[in-house]
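**Student:** Fold the stuff below for me.
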Amino acid sequence: MKKTIIAVSLFAFGLVTVAPAMAANEPVTVKTNNLVEWKKSKTGTWAGKKDNKTYWYKLDKDAKLWWSTDGKKWAAVDNGMWADKDGKWLKIHNGKLVWTTDGNNWSEVPDWKWEGSDGKWYKFDDKWTLWVNA
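**Tutor:** Now for the predicted structure:
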């Protein structure tokens, strides 16, 4: 009996919401929640580009930024900044991940997530552990 009531309720809901849109020849929009699976980065590195050249970045135990062109030889990044896929500059400042488009106005990165030049999404947790979506 409960299943019948649920089925009838869902059918009625469909008639009330979808049928009028279809009758009016309007597109029907269905929203879904995309669940993103985050995994701890095995290498602790992420991709970035500068002057059309790919660099690999990582943080040391003190959250200082390092970069490499080959993943073997690393150098400290003097200004502590890297660029995301859209060209926004990111850096760690006062214990937060911040970004800018103009070099002057900095704001905290939402959820500390950004898209790398390789198209993968990366984020830091509060201990500066790097996570990548899989």
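
**Student:** ok, now which ones touch K113?
**Tutor:** Contacts here follow CB atoms under 8 Å, 6 or more residues apart in numbering; on that basis K113 touches 121-123. Heads up, the C-betas are built off the backbone N, CA and C, glycines and all.

**Student:** If we use 10 Å, what do you get?
**Tutor:** By CB atoms under 10 Å, 6 or more residues apart in numbering, the contact list for K113 reads 36, 38, 84, 97, 121-124, 131, 133.

**Student:** What's opposite it in the beta bridge?
**Tutor:** Using DSSP bridges, the bridge partners assigned to K113 are K123.

**Student:** can you check W99 too?
**Tutor:** Beta bridges link W99 to L90, S107, judged by DSSP bridges.

**Student:** how far away is it from W82?
**Tutor:** 10 Å (CB to CB, to the nearest Å).

**Student:** quick one, which of those two is more surrounded?
**Tutor:** For W99 versus W82, neighbours defined as other CB atoms under 10 Å are more numerous around W82 (24 against 21).

**Student:** So that one sits against V109, correct?
**Tutor:** No: counting by CB atoms under 10 Å, no contact exists between W82 and V109, whose distance comes to 12.0 Å.

**Student:** Can you spell out the domain ranges of this protein, please?
**Tutor:** 1-31, 38-133 (automatic domain parsing).

**Student:** Go through the ones you listed and pick out the most buried.
**Tutor:** Stretch with highest mean neighbour count among those: domain 38-133 (a mean of 14; mean count of other CB atoms under 10 Å).

**Student:** what's the straight distance from one end of it to the other?
**Tutor:** Start-to-end span of domain 38-133 (CA to CA, to the nearest Å) is 4 Å.

**Student:** Show me how far that domain is from its chain's centre.
**Tutor:** The gap between where domain 38-133 is centred and where its chain is centred comes out at 12 Å by CA atoms, centre = their mean, to the nearest Å.
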